[in-house]
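>>> From the sequence below, what's the structure:
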Amino acid sequence: MDRYTDLIDRVYEQYNIPRIFPVPLLSITAALEYEVQYFEINKTTEDLSAVTFYKKKQIFISPNESGGRFRFTLAHELGHILLGHGNDRESEFDTRENMWNPNKTHREYEADEFAAELLMPEEKFREIWNATHDIPTAQIYFNVSKAAVQKRIEKLEIKYERS
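Numbering: from 1, shown residues only. Coordinates of the predicted model:
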């Protein structure tokens, strides 16, 4: 996790991005000179969550990714970019199936871990959680989905009993 934290710290410092919550993802994307837009859903793209074209500096996200899900998907794509996953390929195609696959590739796992730490840094997440013990409050504070908060709770091994 320190690897992700150090990288995130460098991005904030290098691009003079304010450390506020929810995290200003579009400011980070703009600083990296990437364009973000929705793609059109058709038979070819219906199973896609996002596509990143590294050399063209473009990120396309499915219009089915809304609200907190959109933010996690964008943070995941930023993870691919900042972790250097574009060094060995021109593009990254992320499918909906990959998102929920427990046997995802190492690079997909890394991008997910990066996204979680970017959007919900461990220290801040624990602070908010310890003050509220409430998933909806964490969702609103970090502007993420319920699933993202639940996965963060599990990953950080926070005791929580689902009702």
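>>> show me the contacts for the residue lying closest to Gln14 once chain neighbours are set aside.
Sequence neighbours aside, Ala31 is the residue nearest to Gln14 in space, at 8.0 Å (criterion: CB to CB, 6 or more residues apart in numbering). Where you see a C-beta, it was placed from the backbone N, CA and C, and this is true even at glycine. Residues in contact with Ala31 (CB atoms under 8 Å, 6 or more residues apart in numbering) are 11, 14-15, 17.
>>> Redo these as CSV? Include pLDDT.
Formatted as CSV, those follow (pLDDT from 0 to 100):
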residue, pLDDT
Val11, 97
Gln14, 97
Tyr15, 97
Ile17, 97
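>>> which pair in those spans the largest distance?
Greatest spacing in the contacts of Ala31, by CB to CB: Gln14 and Ile17 (8.6 Å).
>>> Please identify which of those two sits among more neighbours.
Ile17 (17 against 9; other CB atoms under 10 Å).
>>> how close does that one get to Ile128?
With distances taken as CB to CB, to the nearest Å, Ile17 is found 20 Å from Ile128.
>>> Have a look at the protein and report its longest helix.
helix 67-82 (DSSP state H).
>>> which SSE is Glu13 in?
Following DSSP states H and E, one finds Glu13 within helix 2-14.
>>> other SSEs contacting that helix?
helix 25-31, helix 106-119 (3 or more CB pairs under 8 Å, 6 or more residues apart in numbering; DSSP states H and E).
>>> Just the buried residues of it, please?
4, 7-8, 11-12 (16 or more other CB atoms under 10 Å).
>>> And for that helix, what's in contact with it?
17, 19, 28, 31, 82-83, 113-114, 117-118, 121-122.
>>> Can you turn the buried part of these into a ChimeraX selection?
In ChimeraX, this line selects whichever of those come out buried by 16+ other CB under 10 Å:
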select :17,28,82,83,113,114,117,118,121
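>>> mind putting the contacts of helix 2-14 in JSON lines, distance to His133 included?
Listed next are these as JSON lines, based on distance: CB to CB, whole Å:
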{"residue": "Ile17", "distance to His133": "30"}
{"residue": "Arg19", "distance to His133": "24"}
{"residue": "Ile28", "distance to His133": "30"}
{"residue": "Ala31", "distance to His133": "35"}
{"residue": "Leu82", "distance to His133": "32"}
{"residue": "Leu83", "distance to His133": "32"}
{"residue": "Glu113", "distance to His133": "24"}
{"residue": "Phe114", "distance to His133": "26"}
{"residue": "Glu117", "distance to His133": "21"}
{"residue": "Leu118", "distance to His133": "23"}
{"residue": "Pro121", "distance to His133": "18"}
{"residue": "Glu122", "distance to His133": "17"}
